[in-house]
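Peer 1: predicted model and sequence below, questions to follow.
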Amino acid sequence: MKHSRLIIVVVSVVLMLAVAIAVGSMNRAPDALAGNMSAGSTPAASMGEVTGAQQIVIQRQISEEGQKCISCHTKESPGIVLDWKESRHAHAGVSCIDCHQKPQDSPMAYQCEGLKGTDTYISVLVPPSTCEKCHPNEVDQFNHSGHYRAYKQILPKKGLHALMWVHEGRNSEEFGDAARETGCMQCHGTEITLGPDHRPTPDNYPTSGIGSVYPDGSVGNCTVCHTRHRFSIAEARDPNACSTCHLGPDHPDIEIYLDSKHGQIYQSHKDEWRWDSAPDAWEPGDYRAPTCATCHMSGIGELSTTHNVSERLYWNLWAKRSEVRNSPDPMSPLTGNGEEGRKKMKQVCTSCHSKTLVDNYFQQVDKAVQLYNTEYFDPADKMLKDLKEKGLLKENPWADEFQKIYYHLWHHTGRRARQGAAMGGPDWAHWHGFFELQQMLYELEEIYKERIETGVVK
């Protein structure tokens, strides 16, 4: 009996100690978010309560200025703080001021009300030159990719400017820029301009465009894929990160992907996948089928992670006529090394598929691209040049039936045929692709024949 009572007492003491340790660990949770602190170190001053589903006090080794920003924005814009709280930046002690602070002489520098009377200046703009301080490889890779020229390539295209301002904007002095502001620049980007108060002007900000040019000259927009202020790698790996821009009648990449077998597996099993593996450790097993990021960017097998989305490409599939990539210039439509790109993409594919399947698949893709080039685009382009030489085209291309069909042939239908073939979307390759291409070519031939025979543009 004595032994039994002794055992009961010992067990009770152990349980009480276990509960005490657990409670103590819970009370130290905010410190744990900041990482391990050295022995004898003192936590930074409290940065205030974060409102939301759970009231907690964040304590981190963050500068006094950074703590003030967090304390103020906890009240003014709690959503931002709650997102930041869950980010890797927060866990590493990187706060608002580390990204938003600017030297006083920067064209972007101004002071919010909370900074008046201090020597601290900030900007709402965080250009890639700021991200580059901690992520130099990622920014350098981006600067060699097709995404880099997303806005810059628009500048010399007079026809595109006319489309936005004259035709879509109807030459309206007051509203004519709306099509560009709400459409084109939200994917391609723009040159961000500043007002007298050093803040960005509403005609060029906000923009989610990936090729935006900032007042300091740096190009890009990291938050397109890693949205503010959590900057989640899991979010960037999801196909929805790409779908804002890569969709629609001219390049329905997300639609093609979701209709492919890869996309069907993603939609069925994505909730079972592990999305937050380290950048070079996201491998088959974490997922059952690739996403956009897996094929074009992720580290897989012997391939390292890259932010150069042109690195693994062979053809240019969005141009009027597809050619093999062969240029180191990011401003070239053929940026990349096609032969090396094909090898790297095959490495991605063979991590899940046999070599025979992969080799045969790309032969099918190449045949579809060459069919489009030689039997559709080349004849259509020859007719267009012939009519232009003979003065049988209207000055306004959007009021000319031949020029409208020609544009849709390469910019919409031709892209769908080529990209559908490349990404495993058979309906896009056929019914939305080559089936419509043959109809367009017949229409172009009829219009061409009539104009050549009559010498008249109806």
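Peer 2: Structure received. Numbers count the residues shown, from 1 in each chain.
Peer 1: quick check: which ranges of the protein have low pLDDT?
Peer 2: Low-confidence segments of the chain, defined by pLDDT under 70, are located at 1-60.
Peer 1: domain-wise, how is it divided?
Peer 2: If you go by automatic domain parsing, the domain ranges for the chain are 54-105, 131-224, 357-454.
Peer 1: now those in CSV, with distance to I254?
Peer 2: Every C-beta, even on glycine, is put in place using the N, C-alpha and C of the backbone. Conversion of the domains of the chain to CSV gives the following (distance: least, CB to CB, whole Å):
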stretch, distance to I254
domain 54-105, 24
domain 131-224, 13
domain 357-454, 10
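Peer 1: what's the closest of these to G114?
Peer 2: Of all the domains of the chain, it is domain 54-105 that lies closest to G114, at 5.1 Å by CB to CB.
Peer 1: need the strands for the stretch 1-150 of the chain, in chain order.
Peer 2: With DSSP state E, counting those that start in this stretch applied, the stretch 1-150 of the chain shows strands at 49-50, 56-57, 101-102, 121-122, listed in chain order.
Peer 1: now do the stretch 201-350 of the chain
Peer 2: Secondary structure of the stretch 201-350 of the chain by DSSP E, counting those that start in this stretch: the strands cover 326-327, 336-337.
Peer 1: span of stretch 256-274 from start to end?
Peer 2: Across its full length, stretch 256-274 reaches 23 Å between end residues, using CA to CA, to the nearest Å.
Peer 1: identify each buried residue in that stretch, please.
Peer 2: Of the residues in stretch 256-274, those scored as buried under the neighbour-count criterion (16 or more other CB atoms under 10 Å) are 256-260, 262-263, 266, 273.
Peer 1: show me the contact partners of that stretch.
Peer 2: 238-239, 282, 286-292, 416, 419-420, 423-425, 427-428 (CB atoms under 8 Å, 6 or more residues apart in numbering).
Peer 1: out of those, which are buried?
Peer 2: In the contacts of stretch 256-274, the ones that pass as buried (16+ other CB under 10 Å) are 238-239, 282, 287, 289-292, 416, 419-420, 423-425, 428.
Peer 1: okay, among those residues, which ones form the most distant pair?
Peer 2: For the buried ones among the contacts of stretch 256-274, the farthest-apart pair by CB to CB is W282 and R416; their separation is 29.6 Å.
Peer 1: measure R230 to R88 for me?
Peer 2: According to CB to CB, to the nearest Å, R230 and R88 sit 9 Å apart.
Peer 1: who has more neighbours out of those two?
Peer 2: Here R230 and R88 are set side by side on neighbour count (other CB atoms under 10 Å), and the busier one is R230, at 19 against 13.
Peer 1: looking at the buried residues of stretch 256-274, which is nearest H147?
Peer 2: Of all those, the one with the least separation from H147 (CB to CB) is Y257, at 18.0 Å.
Peer 1: quick check: the gap between the closest one and N316.
Peer 2: Shown here: Y257 relative to N316, a distance of 19 Å by CB to CB.
Peer 1: what of G66?
Peer 2: Counting by CB to CB, the gap from G66 to N316 is 45 Å.
Peer 1: which one of those two has more residues nearby?
Peer 2: N316 (24 against 21).
Peer 1: so who does that one touch?
Peer 2: The neighbourhood of N316, defined by CB under 8 Å, 6+ apart, consists of 322-323, 325, 333-334.
Peer 1: repeat that for E174.
Peer 2: With contact set as CB under 8 Å, 6+ apart, E174 has no partners.
Peer 1: okay, and D386 sits in which element?
Peer 2: Per DSSP states H and E, D386 falls inside helix 378-389.
Peer 1: what is the nearest of the buried residues of stretch 256-274 to L444?
Peer 2: Using CB to CB, the shortest approach to L444 within the buried residues of stretch 256-274 belongs to I256, at 25.4 Å.
Peer 1: excluding chain neighbours, what is closest to that closest one?
Peer 2: Counting by CB to CB, 6 or more residues apart in numbering, the nearest residue to I256 once its immediate chain neighbours are dropped is G425, at 3.5 Å.
Peer 1: give me the phi and psi for the one you found.
Peer 2: For G425, the backbone dihedrals (degrees, to the nearest 10) come out as phi -110, psi 90.
Peer 1: how far away is it from H408?
Peer 2: On the measure of CB to CB, G425 and H408 end up 19 Å apart.
Peer 1: how about K344?
Peer 2: 33 Å.
Peer 1: so for these two, which sits in the more crowded spot?
Peer 2: A side-by-side neighbour count of K344 and H408, using other CB under 10 Å, places K344 first with 19 against 16.
Peer 1: contacts only, for the more buried one.
Peer 2: K344 makes contact with 303, 311-312, according to CB under 8 Å, 6+ apart.
Peer 1: format those residues as CSV; extra columns: neighbour count.
Peer 2: Rendered in CSV, the data for the contacts of K344 read as follows (neighbours: other CB atoms under 10 Å):
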residue, neighbour count
L303, 17
E311, 22
R312, 22
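Peer 1: quick one: which of those residues is nearest to S145?
Peer 2: Of all the contacts of K344, the one sitting nearest S145 is E311; the distance, using CB to CB, is 7.4 Å.
Peer 1: thought that closest one was touching G338?
Peer 2: No. Applying CB atoms under 8 Å, one finds E311 not in contact with G338, separated by 10.9 Å.
Peer 1: cool, thanks, signing off.
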